[in-house]
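Visitor: Predicted coordinates and the sequence they were generated for:
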Amino acid sequence: MKLLETIKNDYQTFPKNQTYSVYADNVYFKDPVNEFTGVKRYQEMIQFMSTWFKNVDLELHNIYQSNNIIHTEWTLHWTTPLPWKPPISIPGRSELTFNDQNLIISHVDYWNCSRWDVVKQHFFLNPS
């Protein structure tokens, strides 16, 4: 399927050169720190990440489709621009629901760690 291949390619180049045209104008997005509607807001969030964080990399571990949902498993990495430059790693998964026009209408991310675990990575070498 073309949509699945597009998503796979977008993960490889994330956060650069994303294919926003595969998202419905009123796409619903949710992750542990954000919840909003609209592809413009989604673009702004990606732009913020690419501007603020360094060495952003979205490592794709698995991608598959069941019915009208594309499932991905990934690890998001970046370096936070603090003086000690902590490397951050967030393992997670996404469910991207698409409609009959093959446009993504819902993008929900789940983290395999807590928000607190992410905060701790900024200050401890081995957060637990």
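Guide: Yep, that arrived.
Visitor: quick check, Y42 in a helix?
Guide: Yes: the assignment for Y42 by DSSP: H, G, I helix; E, B strand; the rest coil puts it in a helix.
Visitor: Please name the nearest non-neighbouring residue to it.
Guide: F29 (5.4 Å; CB to CB, 6 or more residues apart in numbering). All C-beta spots, glycine's among them, are computed from the backbone N, C-alpha and C.
Visitor: tally of neighbours for the one you found?
Guide: 19 (other CB atoms under 10 Å).
Visitor: and it, bridged to which residues?
Guide: Here F29 sits in beta bridges with F36, H107, going by DSSP bridges.
Visitor: Does the residue of the chain positioned farthest from its centre lie in a helix or a strand, and which?
Guide: Computed with CA atoms, centre = their mean, the maximum C-alpha offset from the centroid of the chain is found at P83, amounting to 25.2 Å. Per DSSP states H and E, P83 falls between elements, in no helix or strand.
Visitor: for the helix or strand bottoming out on mean pLDDT in the chain, packing partners?
Guide: Lowest mean confidence among the helices and strands of the chain (mean pLDDT, DSSP states H and E): helix 115-121, at a mean of 93. Applying 3 or more CB pairs under 8 Å, 6 or more residues apart in numbering; DSSP states H and E, one finds that helix 115-121 contacts strand 87-98.
Visitor: and the strand it packs on, C-alpha only, in PDB?
Guide: Extracted in PDB, the C-alpha atoms of strand 87-98 (Å, rounded to 0.1, in the frame of the first residue of the first chain):
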ATOM      1  CA  PRO A  87      20.600  12.200  25.000                       C
ATOM      2  CA  ILE A  88      16.900  11.400  25.300                       C
ATOM      3  CA  SER A  89      15.200   8.200  24.200                       C
ATOM      4  CA  ILE A  90      11.500   7.500  24.100                       C
ATOM      5  CA  PRO A  91      10.300   4.000  23.000                       C
ATOM      6  CA  GLY A  92       6.700   3.900  21.800                       C
ATOM      7  CA  ARG A  93       4.100   3.000  19.200                       C
ATOM      8  CA  SER A  94       1.600   4.800  17.000                       C
ATOM      9  CA  GLU A  95      -1.800   4.100  15.600                       C
ATOM     10  CA  LEU A  96      -2.600   6.000  12.400                       C
ATOM     11  CA  THR A  97      -6.200   5.600  11.300                       C
ATOM     12  CA  PHE A  98      -7.000   6.400   7.700                       C
END
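Visitor: Thank you kindly, that will do.
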